[in-house]
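>>> Model the following, please.
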Amino acid sequence: MGLFKDYVSQTRKPEGKLGKMMLNGMNSGHAKMADWGLSHLKTIAPERIVDLGCGGGRNIGELLKKYPNAKGTAIDYSELSVEKAKEYNSELIGAGRLEIMQGNVSELELPDNTYDLVTAFETIYFWPGLEKCFTEAARILKDGGYFMIVNESNGTDAASLKFEKIIDGMKCYTIEQITDALKAAGFSKFKTDHHNKKPWITVLAKK
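As a prediction, this is how the structure comes out:
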């Protein structure tokens, strides 16, 4: 149990050898869920995108494929994740379309009213206070911009609640808890979806 706990705890902030192992599986392991989330972006055409808690960097890469005229920024709390994401997206970085940096979602070093789309894939479980972090997302978004959250857990599924007990600092949220925090952070309009076979959820909030 000790080694297993140490390994799964790397989802919060990958570090060292176990963190590298976790990141190696993160991009492929969450790909189907992330692509399901991305399928909800049907009517917007963002020019500037931020992915918060970027992990191994796959999702910001897919976003920039989806929007070839956009530029992106990716942020993660883990130095190791930043290194992996840079390696994964070296071509986009070289082309001047992507910047990846280490940062804290509760205190983003990004300008106000600048971005059209902010995303968070499989990451808000570890954020230090939803309302505070969602307020930061609202701050950096332009008026009319969108914040998309995609989670593997609907906040009630047994598997995720099991991991919540194992991983220090992890908290699973329901759609209702997420939208309540978004309202408190200043978002006004929401679209939500729950996968018809899995506990996956997507919340799309408009500023």
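
>>> Just the element for the residue nearest the centre of the chain, please.
In the chain, the centroid-proximal residue (C-alpha atoms, centre = their mean) is residue 120; its distance is 2.1 Å. For residue 120, the element it lies in under DSSP states H and E is strand 115-121.

>>> buried set for the helix or strand where residue 60 lies?
Residue 60 is part of helix 58-66, with elements assigned from DSSP H and E. Within helix 58-66, the residues scored as buried using 16 or more other C-beta atoms under 10 Å are 58, 59, 60, 61, 62, 63, 64. Where you see a C-beta, it was placed from the backbone N, CA and C, and this is true even at glycine.

>>> average pLDDT across the following helix or strand past it?
Remark: after helix 58-66, the chain's next helix or strand is strand 71-76, criterion DSSP H and E. The average pLDDT within strand 71-76 is 98.

>>> Make residue 1 into 44 and carry on from there
Got it, the first residue is 44 from now on, which makes the last one we talked about strand 114-119.

>>> And the residue nearest to the centre of the chain, how far from residue 85?
For residue 163, the distance to residue 85 (C-beta to C-beta, to the nearest Å) stands at 19 Å.

>>> just residue 199 next, same as before
Distance from residue 199 to residue 85, by C-beta to C-beta: 27 Å.

>>> helix or strand for the residue lying closest to residue 80 once chain neighbours are set aside, which one?
Closest residue to residue 80 apart from its sequence neighbours, by C-beta to C-beta, 6 or more residues apart in numbering: residue 193 at 3.2 Å. Per DSSP H and E, residue 193 falls inside strand 184-194.

>>> Any idea how many residues pack against the residue nearest to residue 80?
Neighbours of residue 193 under the rule other C-beta atoms under 10 Å: 25.

>>> How much space separates residue 241 from residue 165?
Separation of residue 241 from residue 165 (C-beta to C-beta): 13 Å.

>>> next one: residue 98
8 Å.
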